[in-house]
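J.: Okay, here's the prediction I keep looking at, along with the sequence it came from:
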Amino acid sequence: MTDGPPDSGLSSPDALSAFLRRRSEQIAQRWADLPLFQAVFTVTRDEAVEASHAVVASLADVAAGGRLDDLEAAGFLPVRRQLIAMSGSRSRSGLSLAQVDREFGALRDAVLDMLPLDQAGQDERGGDDLRLPLATLFGTLRVVVVETMLQENQEVVLRQRQQLLEMTTPVIKLWDRLVAVPLIGMLDSARSQVVMENLLEAIVEHNATVAILDITGVPTVDSLVAQHLMKTVASARLMGAECVISGIRPAIAQTIVQLGLDLGHVTTRATLADALEWAMDQRGRRDRDPRPLG
Amino acid sequence: MTSVPERAEAVRLPIRGDGDLTAVRHQVRALARELGFGLVQQTKIVTAASELARNTLLHGGGGEVEVVRLEGPSGPGLRVSFTDSGPGIPDVERALQDGFSTANGLGMGLGGAKRLVQEFGIEQAPGGGARVTIASWAVSRPAGFGA
Amino acid sequence: MTNPSSIPVLDLGGLLLVSIQGELPDDAAVALQEDVTNAVASTGSRGLIIDISALEMVDSFLARVLAEVAASSRLLAARTVLVGMRPAVAITLVELGLTLPGLDTARTVTEAAAGFGVSIARTGGREEWGA
């Protein structure tokens, strides 16, 4: 992205660090009025000033370390959490990555604007010398921000995928001790696993003796998913509940036969209504016809 | 999760008798729970560890287990290694098949344990003795359920 | 050394109830197998209920013990019902390939007893199982 400070200005990181510390208060005051800090710290302006101070101090530390383009510079560590919180807050308000990046870019402009002022006071140190290291330092800061945002996004995606999995596999209590999962959409390995765990948990929660797995809304089933379904049935049986699979489409039935899977131990019914009838009958039989002690 | 060097988390336990199996299960359960493993994942790795610890005892004449916490790119993990100085495993291929067993059990020891975890490996020492290693990761990578 | 016969085998009038209250070391499992088989023989019970709802793990060794208890009880004309297995335990056993086909299962002790025609009244319970 940017090269390090030119050889001629070996001392410029130090000069930059000194400048940032010297002007810390003014920079913090300016930043506090920028959209980025204003939008994040909505309660009091003092908070924004304080947060700005922390960021300026960290940047000064990074500059003092002389490694302006080092993303891993120790100075960034204290502000990383702050940056994550700020960029996270902005992206949650609907800003795109580019928009957040632009807001962080505005921080640099605010500091650049102050260079001429500072030069007036310290005329033997050329303000122009600080422009390049300043640009380098803020370039690094922006990469750190973008990096943390991308990381955040990835976590959000993972979290949402999990939530979606949970949401699309509801377990319904149909009757006393009778639960059902109406599955809709594609079943993959991950989702079948969630289905299995949810259904088995529901069996415990509702003390269910019968569970219906309805796959009317599932277009296709591969061998892995079919195996998951069979394992669900076997697990339910070990727990003391009967499990019936309903709504097997003709195409799925053919697939199962072609795959050579043996569903012999699995109770199946054509429709959810048939499965419900079977389930009620099953419950009735359990209650009516115990196998008494001899 | 703190990024402690993995060695700092290694716990070694002896496997000399039936009573030691309980300690192995407790150690694996405690760490799996701490690392955020779901209940099913916990149960799977504890059961796998139980199978392998018993193998170490029955086939390897006893040995040692090492429980290590891992830091992976997508989260923390757990590795359990069983080392014995017995005769080794003469036919690994066959030992991994269901129904194969040379001692008491349902013949589910090695092959069964392999299905319960995400990573599985067997190393044989030339002079005899075997080292069986299993590993699983918390969340985001679905356990090898039937994979 | 733990006392091998630490798990009581309750006789509910022709129906035996074994409730495993915690982790079962191998030697205790073997001792239990012997105790239960002896109890089935001496009481002439036709039903045996094993409650494993407290177990957080069942490995192939314990699964074999349970299957053998059921098999020997059957030889003594008693039917065994396994009760209260937890979901994580069930999933793990199925993954191991241990579906225990020879064992009957039930969700609760009450339900298993009802299957034998024995009513276990629950104080404050909503349902009354007819004998």
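T.: Cool, got the structure.
J.: A:S58 reaches A:P78, doesn't it?
T.: Yes - in this structure, A:S58 is within contact of A:P78 by C-beta atoms under 8 Å, at 5.3 Å. All C-beta atoms are positioned from the backbone trio N, CA, C, and that covers glycine.
J.: Which one's more surrounded, those two?
T.: Ranked by neighbour count (other C-beta atoms under 10 Å in any protein chain shown), A:S58 and A:P78 place A:S58 first, with 22 against 13.
J.: ok, and the closest non-adjacent residue to that one?
T.: A:V79 (4.2 Å; C-beta to C-beta, 6 or more residues apart in numbering or on different chains).
J.: And the pLDDT at that neighbour?
T.: pLDDT, A:V79: 75.
J.: And for the helix or strand in which it is found, what's in contact with it?
T.: A:V79 is part of helix A:76-92, with elements assigned from DSSP states H and E. With contacts defined as C-beta atoms under 8 Å, 6 or more residues apart in numbering or on different chains, helix A:76-92 is touched by A:36-37, A:39-40, A:51, A:54-55, A:58-59, A:61-62, A:97, A:99-100, A:103-104, A:140-141, A:144-145, A:148-149, A:152-153.
J.: Only the buried residues of it, if you could.
T.: By 16 or more other C-beta atoms under 10 Å in any protein chain shown, the buried positions in helix A:76-92 come out as A:F76, A:V79, A:L83, A:I84, A:M86, A:S87, A:G88, A:S89, A:R90, A:S91.
J.: And stretch A:93-110, by the same measure?
T.: A:L95, A:V100, A:D101, A:E103, A:F104, A:L107, A:R108, A:A110.
J.: Packing partners of the helix ranked longest in chain B?
T.: In chain B, assigned by DSSP state H, the helix with the most residues is helix B:39-58. Packing partners of helix B:39-58 (3 or more C-beta pairs under 8 Å, 6 or more residues apart in numbering or on different chains; DSSP states H and E): strand B:11-15, helix B:18-34, strand B:63-72, strand B:75-84, helix B:109-116, strand B:130-137, helix C:60-75, helix C:87-96.
J.: Restrict the shortest one to CA atoms and write it as CSV.
T.: Going back to what we said before, that points to strand B:11-15. Presented in CSV, the C-alpha positions along strand B:11-15 are these (Å, rounded to 0.1, in the frame of the first residue of the first chain):
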residue,chain,number,x,y,z
VAL,B,11,-2.6,-33.1,31.1
ARG,B,12,-1.1,-36.6,31.3
LEU,B,13,-2.8,-39.4,33.2
PRO,B,14,-1.8,-43.1,33.6
ILE,B,15,-4.0,-45.9,32.4
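J.: what's the angle between that strand and helix B:39-58?
T.: 50 degrees (axes from the mean of the first three to the mean of the last three C-alpha atoms, to 10 degrees).
J.: Likewise for the fourth one?
T.: Angular relation of strand B:75-84 and helix B:39-58 on a 0 to 180 degree scale: 10 degrees, by the same axes, to 10 degrees.
J.: average pLDDT across strand B:75-84?
T.: Mean predicted confidence for strand B:75-84 is 92.
J.: what's the span of stretch B:30-38, first residue to last?
T.: Length of stretch B:30-38, first residue to last, C-alpha to C-alpha, to the nearest Å: 12 Å.
J.: Determine how far it lies from the middle of the whole chain.
T.: The chain centroid and the centroid of stretch B:30-38 are separated by 15 Å under C-alpha atoms, centre = their mean, to the nearest Å.
J.: Over to stretch A:174-194?
T.: The chain centre lies 24 Å from the centre of stretch A:174-194; the measure is C-alpha atoms, centre = their mean.
J.: cool, and stretch A:156-176?
T.: From the chain centre to the centre of stretch A:156-176 is a distance of 16 Å (C-alpha atoms, centre = their mean).
J.: end to end, how far does that stretch reach?
T.: Stretch A:156-176 has an end-to-end distance of 38 Å (C-alpha to C-alpha).
J.: okay, the helix ranked longest in chain C in CSV with CA atoms only?
T.: Across chain C, the longest stretch assigned as helix under DSSP H is helix C:26-43. C-alpha atoms of helix C:26-43 as CSV (Å, rounded to 0.1, in the frame of the first residue of the first chain):
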residue,chain,number,x,y,z
ASP,C,26,-16.5,-51.3,34.8
ASP,C,27,-16.3,-53.5,37.8
ALA,C,28,-19.5,-52.0,39.2
ALA,C,29,-21.2,-52.7,35.9
VAL,C,30,-20.1,-56.3,36.0
ALA,C,31,-21.3,-56.7,39.6
LEU,C,32,-24.6,-55.1,38.7
GLN,C,33,-25.1,-57.6,35.9
GLU,C,34,-24.6,-60.5,38.3
ASP,C,35,-26.9,-58.9,41.0
VAL,C,36,-29.7,-58.2,38.5
THR,C,37,-29.6,-61.7,37.0
ASN,C,38,-29.7,-63.3,40.4
ALA,C,39,-32.6,-61.0,41.5
VAL,C,40,-34.6,-62.0,38.4
ALA,C,41,-34.0,-65.7,39.1
SER,C,42,-34.7,-65.5,42.9
THR,C,43,-37.9,-63.3,42.6
